[in-house]
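Visitor: Next one to model:
(one chain, ligands or ions: 2)
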Amino acid sequence: MQKTEKFFIQTFGCQMNVYDGWRIATMLEHHGMVRTDNVSDADIIILNTCAVRAKATDKVFSALGRIRRAKKPSALFGIVGCVARESGADAFRRIPDLNFVLGPQSYHKLPDILQNPDTKLLNIDLGGLEKFDELPQMERSPRVAYIPIQEGCNHCCTYCIVPYTRGREISRAYNDVIRDTIHAAKTGAIEICFLGQNVNGYKYTDETGHTYRLSDLIRETAKIPEIMRIRFTSSYPTEMTDDLIEMFAIEPKLLPFLNMPIQSGSQNILTKMNRPYTLELYCDIINKLKIARPDIQISSDFIVGFPGETDQDFAETMRIAQKIKYINSYSFKYSPRPHTAAALMPNQVPEITKAERLAKLDSYLNDVQREFNESCIDKTLLCLLEGPDKTGKHLIYRTPYMQQCIVEHIENAPELTDIKITAANKASLRGKIIN
Ligand code: 5AD
Ligand code: SF4
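Guide: Ligands and ions are numbered 1, 2, ... in the order given. Below is the predicted model of the structure:
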């Protein structure tokens with residue numbers, strides 16, 4: 001007999017975490033529980049956490065403080081994901097009544113706490129990817145199915161906590177990924193987004209010695225009639241091999257949009273970040289992608305204020321942003337993280353300088369986004385339905401470039417449709433469905 005009946009889960013962080021959150025919810029539903037959005041009503045409370053920047057970790061501990069006051073005295077509460085791995089047993093010291101701390105590769109052990117609610121459950125081992133096989137499948141897939149294909153990262157960028165929290169790179173078996181993709185397609189998916197911290201590094205060798213890459217997954221997925229759009233995130237520049245670039249030329253279902261973070265435009269800083277590619281090589285890859293798919297657009301992540309970053313280094317970041325004209329990009333102030341080399345580097349940049357650089361870069365990236373959005377006016381884009389907006393008067397669609405496109409609400413709206421773009425601003429597009 002289960003003691004608990006309702007669960008509350010809140011997810012922070014990346015798409016991989018969002019996916020993990022769905023799997024955890026499905027697992028608890030299979031244990032006969034129902035989801036609640038009300039913390040004070042829940043019997044088990046799970047924070048699915050992100051540790052990528054100090055702010056993300058701080059958010060989790062302040063949320064735990066609030067939850068502790070709001071929850072029923074008998075409710076179990078704990079953390080899963082990257083902060084669990086980052087903090088380990090220290091989390092119990094900070095919040096003594098916490099019940100469980102489970103790392104990103106051990107959250108399938110969550111039911112153990114339901115069997116033994118009086119013990120404290122700590123498991124932050126990097127145990128491989130058996131969690132994906134031990135967890136129940138989602139019965140219905142969302143329209144956009146996120147399918148993890150690899151986890152962890154071998155690149156060891158000096159700022160990044162991910163190799164510590166998610167471990168060394170492991171690729172899932174090709175057949176398992178294809179099985180999950182077909183299951184998603186048969187249960188409602190129209191778009192597949194392959195996920196991984198280093199997604200284009202996907203490499204799986206089967207018993208016969210045959211090695212599969214991301215290009216093989218894309219080719220096979222494109223054959224599934226229900227699947228109309230394919231994308232993947234996040235890519236490391238030097239893993240963008242020719243077989244994958246060719247997919248953009250030959251596979252129309254692969255969206256003309258690629259997230260390939262550069263992080264910095266300064267060669268000197270890239271070296272200190274342990275991202276050993278040259279700016280020339282990075283730009284060559286983008287040129288090849290544009291030849292393969294002339295309408296392709298690239299998005300990036302940037303870190304400003306990495307240790308030792310000078311005004312000159314930052315000017316080079318601005319220069320590369322001006323050259324590539326990235327869309328849909330994110331920029332962050334460098335945040336020193338435990339278990340990383342950069343946190344111990346000399347010449348940490350003052351907060352005020354980081355803030356000034358961030359404001360300048362953000363303002364430029366926003367201008368480019370607005371220009372790109374405006375350049376879409378009068379074009380017709382194949383868009384996927386996301387759902388109604390908050391007012392219920394409009395529907396939100398996603399363009400192939402992941403822009404939000406707002407249209408009038410109509411009954412029985414098509415899930416995938418051509419939309420003629422009629423207006424644009426920095427944040428979104430407006431358009432009319434073309435029948
Ligand atoms: N400080 C700031 N940003 C970081 N990122 C990763 N680690 C850090 C850090 N220590 C950013 C990178 C990465 C994105 C997910 O988060 O830009 O691409
Ligand atoms: Fe955050 Fe990185 Fe963990 Fe995703 S993998 S939740 S971005 S720390």
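Visitor: Tell me how many other residues surround residue 280.
Guide: Here the count is done by other C-beta atoms under 10 Å, and residue 280 has 9 residues near it. Bear in mind the C-beta positions are built from the backbone N, C-alpha and C, glycine included.
Visitor: pLDDT wise, what is it at?
Guide: At residue 280, the model reports a pLDDT of 97.
Visitor: In whichever strand or helix holds it, which residues are buried?
Guide: Here residue 280 is covered by helix 279-292, with elements defined by DSSP states H and E. Across helix 279-292, burial judged by 16 or more other C-beta atoms under 10 Å covers 279, 282, 285-286, 288-289, 292.
Visitor: The residues you listed: which two are farthest apart?
Guide: Greatest spatial distance among the buried residues of helix 279-292 (C-beta to C-beta): 279 and 292, at 20.5 Å.
Visitor: picking that back up, any chance of the buried residues of helix 279-292 in JSON lines, with distance to ligand 1 too?
Guide: Shown next, in JSON lines, are these (distance: C-beta to the nearest ligand atom, whole Å):
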{"residue": "279", "distance to ligand 1": "17"}
{"residue": "282", "distance to ligand 1": "14"}
{"residue": "285", "distance to ligand 1": "17"}
{"residue": "286", "distance to ligand 1": "17"}
{"residue": "288", "distance to ligand 1": "22"}
{"residue": "289", "distance to ligand 1": "19"}
{"residue": "292", "distance to ligand 1": "24"}
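Visitor: so which of those comes closest to residue 15?
Guide: Using C-beta to C-beta, residue 289 comes nearest to residue 15 of these, at 21.5 Å.
Visitor: Retrieve the pLDDT associated with the nearest residue to the closest one once chain neighbours are set aside.
Guide: Distances taken as C-beta to C-beta, 6 or more residues apart in numbering put residue 296 closest to residue 289, at 5.3 Å, once the chain neighbours are dropped. Per-residue pLDDT puts residue 296 at 98.
Visitor: Then the one 4 residues further on?
Guide: What the model reports for residue 300 is a pLDDT of 98.
Visitor: Quick check, it in contact with residue 258.
Guide: No. In this structure, residue 300 is not within contact of residue 258 by C-beta atoms under 8 Å, at 9.8 Å.
Visitor: More neighbours: which of the two?
Guide: Applying other C-beta under 10 Å to residue 300 and residue 258 shows that residue 258 carries more neighbours, namely 25 against 22.
Visitor: what is that one paired to in the beta sheet?
Guide: Beta-bridge partners for residue 258, by DSSP bridges, are residue 298.
Visitor: Tell me how far it lies from ligand 2.
Guide: Distance from residue 258 to ligand 2, counting by C-beta to the nearest ligand atom, to the nearest Å: 19 Å.
Visitor: which one of the buried residues of helix 279-292 is nearest ligand 2?
Guide: The nearest member of the buried residues of helix 279-292 to ligand 2, counting by C-beta to the nearest ligand atom, is residue 282 at 21.9 Å.
Visitor: Just say helix, strand or coil for the closest residue to residue 423 other than its chain neighbours.
Guide: Once flanking residues are discounted, residue 423 sits nearest to residue 430: 4.2 Å by C-beta to C-beta, 6+ apart. Assigned with DSSP: H, G, I helix; E, B strand; the rest coil, residue 430 falls in the strand class.
Visitor: right, and residue 430 touches residue 408 too?
Guide: No. With contact defined as C-beta under 8 Å, residue 430 does not reach residue 408; the gap is 9.4 Å.
Visitor: And those two? Which one has more around it.
Guide: Using other C-beta under 10 Å as the criterion, residue 430 and residue 408 rank with residue 430 on top: 17 against 12.
Visitor: can you give me the offset of stretch 89-98 from its chain's centre?
Guide: On the basis of C-alpha atoms, centre = their mean, to the nearest Å, stretch 89-98 sits 28 Å off its chain's mean C-alpha point.
Visitor: Buried ones in it, by neighbour count?
Guide: 91-92, 95, 98.
Visitor: Among these, which are located in helices?
Guide: If you go by DSSP state H, these have 91-92 in helices.
Visitor: Where does the stretch 51-200 of the chain get nearest to ligand 2, which residue?
Guide: At 3.4 Å from ligand 2, residue 82 is the closest residue in the stretch 51-200 of the chain, using C-beta to the nearest ligand atom.
Visitor: Can you report how many residues lie near that residue?
Guide: With other C-beta under 10 Å as criterion, residue 82 counts 29.
Visitor: hang on, residue 79 is in a strand, isn't it?
Guide: Yes. When three-state DSSP is applied, residue 79 is found to be in a strand.
Visitor: Many thanks, have a good one.
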